[in-house]
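S.K.: Sequence below, structure please.
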Amino acid sequence: MRWIAALLLIAAPASAADIVYAGGAWAALDRGSSCEAGTRAIRIAEKGKIQARAGFAFDATGPRRGQFFAQLSRVPRSGSTAILTVRDQPFMLVTGGGWAWSRSPAQDAAISSAARAGGGMRIESRDEGGRRFIDRFLLDGAPTAIDAAAARCAGKIARP
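M.R.: The predicted model follows:
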């Protein structure tokens, strides 16, 4: 499903990216010094609104080795947290601006493991007006995308 990879390229920051893998609802992207396994939210954002997306980031030489991140569809209320639920397992995330991310490498590993079990995931928070919002994501294709992004940044997959 190359259209998912195309959506990630459009929604992601403007930098060159090669598609390493695209399948199910996930894609793995090579951005040079970093790689990303990611997906977009099930709900497509209206024109002019933020498209929620989530994934795992890897650095070729840096500290990120599968850090979970999400760009949320709304900006959470200042000082609030976001709760990621994978299947029925909750994880408290840190928020800043319109983003949320994991708290530690141990939590990254737990989230990755839960995502590999399949099903779906959702992130819940409250926006600046106090209204609850939920961004939902599919996990079909996540294990392969995570592995492809990790391997590419570890140098285990030959560059095209």
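S.K.: and the residue sitting furthest away from the middle of the chain, what does it touch?
M.R.: When each C-alpha in the chain is compared with the mean C-alpha position (C-alpha atoms, centre = their mean), Gly129 comes out farthest, at 24.8 Å. For Gly129, the contacting residues are Arg77, by C-beta atoms under 8 Å, 6 or more residues apart in numbering. In short, each C-beta sits where N, CA and C put it, glycine included.
S.K.: So, low pLDDT: which residues of the chain?
M.R.: 1-16, 62-64, 156-160 (pLDDT under 70).
S.K.: show me where it has strands.
M.R.: All strands of the chain, identified by DSSP state E, fall at 18-23, 26-30, 34-40, 53-59, 65-71, 82-86, 89-96, 99-101, 120-126, 132-138.
S.K.: Could you measure from the residue farthest from the centre of the chain over to Val75?
M.R.: The spacing between Gly129 and Val75, counted by C-beta to C-beta, to the nearest Å, is 10 Å.
S.K.: For the closest residue to Asp30 other than its chain neighbours, grab the count of nearby residues.
M.R.: Closest residue in space to Asp30, ignoring its immediate chain neighbours: Asp18 at 4.4 Å, by C-beta to C-beta, 6 or more residues apart in numbering. Using other C-beta atoms under 10 Å, the number of residues around Asp18 comes to 15.
S.K.: same check, this time on Arg132
M.R.: Arg132: 8 surrounding residues under other C-beta under 10 Å.
S.K.: Name the nearest residue to it, sequence neighbours excluded.
M.R.: Arg126 (5.5 Å).
S.K.: my read: the one you found touches Pro76, true?
M.R.: Yes. With contact defined as C-beta atoms under 8 Å, Arg126 counts as touching Pro76 (6.5 Å).
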